[in-house]
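> Prediction below, plus the sequence it came from.
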Amino acid sequence: MFLGYRLKELRERKGLSQEKLGKLTGVTKVSVCGYELGKKTPSVPQLEKIANVLDVTTDYLLGRDMGESYIGENEREYHYMISKEEAKTLFELRKRKELYYRLLQDPRRTFDLIEIKLNK
């Protein structure tokens, strides 16, 4: 979930505790913690207050700031959107060549195996 991940990252980058961010935005530390863990969702007005305090847009907090890249396939050009988090994940995946190539060959089976392993 983009909101929790980005909220925590921005809060820490600004040197704010959960309590301090809560005071600045009119909610409790428990609410901020809930937002970061993805257990609570702020209202639209609350989201706007958080974005203002953290100097970002609500779209950024919600993961709607997708970067752009183009992929040519069969001489056609496709517009593809990828977030910064997705780009970081892909970069890390490419470092693990064996796993990367398994994913390219059979993505569904590879993800099924990963999911089985994570749920043990």
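Now that the structure is in, tell me what you want to look at.

> mind listing the strands for this protein?
For the chain, applying DSSP state E gives strands covering 67-73, 76-82.

> domain ranges for the chain?
2-61, 67-118 (automatic domain parsing).

> circling back to that earlier point, in terms of mean pLDDT, which of the strands of the chain ranks lowest?
Lowest mean pLDDT within the strands of the chain: strand 67-73, a mean of 50.

> would TSV of the domains of the chain with mean neighbour count be doable?
(Glycine included, C-beta is placed from N, CA and C.) Rendered in TSV, the data for the domains of the chain read as follows (neighbours: other Cβ atoms under 10 Å):
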stretch	mean neighbour count
domain 2-61	16
domain 67-118	10
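
> Quickly, which of those bottoms out on average pLDDT?
domain 67-118 (a mean of 75).

> quick one, what contacts Gly4?
Tyr35, Glu36, Leu37, Gly38 (Cβ atoms under 8 Å, 6 or more residues apart in numbering).

> now these in JSON lines, with distance to Arg6?
Listed next are those as JSON lines, based on distance: Cβ to Cβ, whole Å:
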{"residue": "Tyr35", "distance to Arg6": "10"}
{"residue": "Glu36", "distance to Arg6": "9"}
{"residue": "Leu37", "distance to Arg6": "13"}
{"residue": "Gly38", "distance to Arg6": "12"}
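
> Please report how far Lys88 lies from Tyr5.
Relative to Tyr5, Lys88 is positioned 11 Å away (Cβ to Cβ, to the nearest Å).

> ugh, typo on my part, it should be Glu19
Applying Cβ to Cβ, the value for Glu19 to Tyr5 is 20 Å.

> Lys40 too?
15 Å.

> do the same with Leu90
From Leu90 to Tyr5 the distance is 16 Å (Cβ to Cβ).

> Over to Glu98?
27 Å.

> and if you look at Gly38?
9 Å.

> same thing with Lys20?
According to Cβ to Cβ, Lys20 and Tyr5 sit 19 Å apart.
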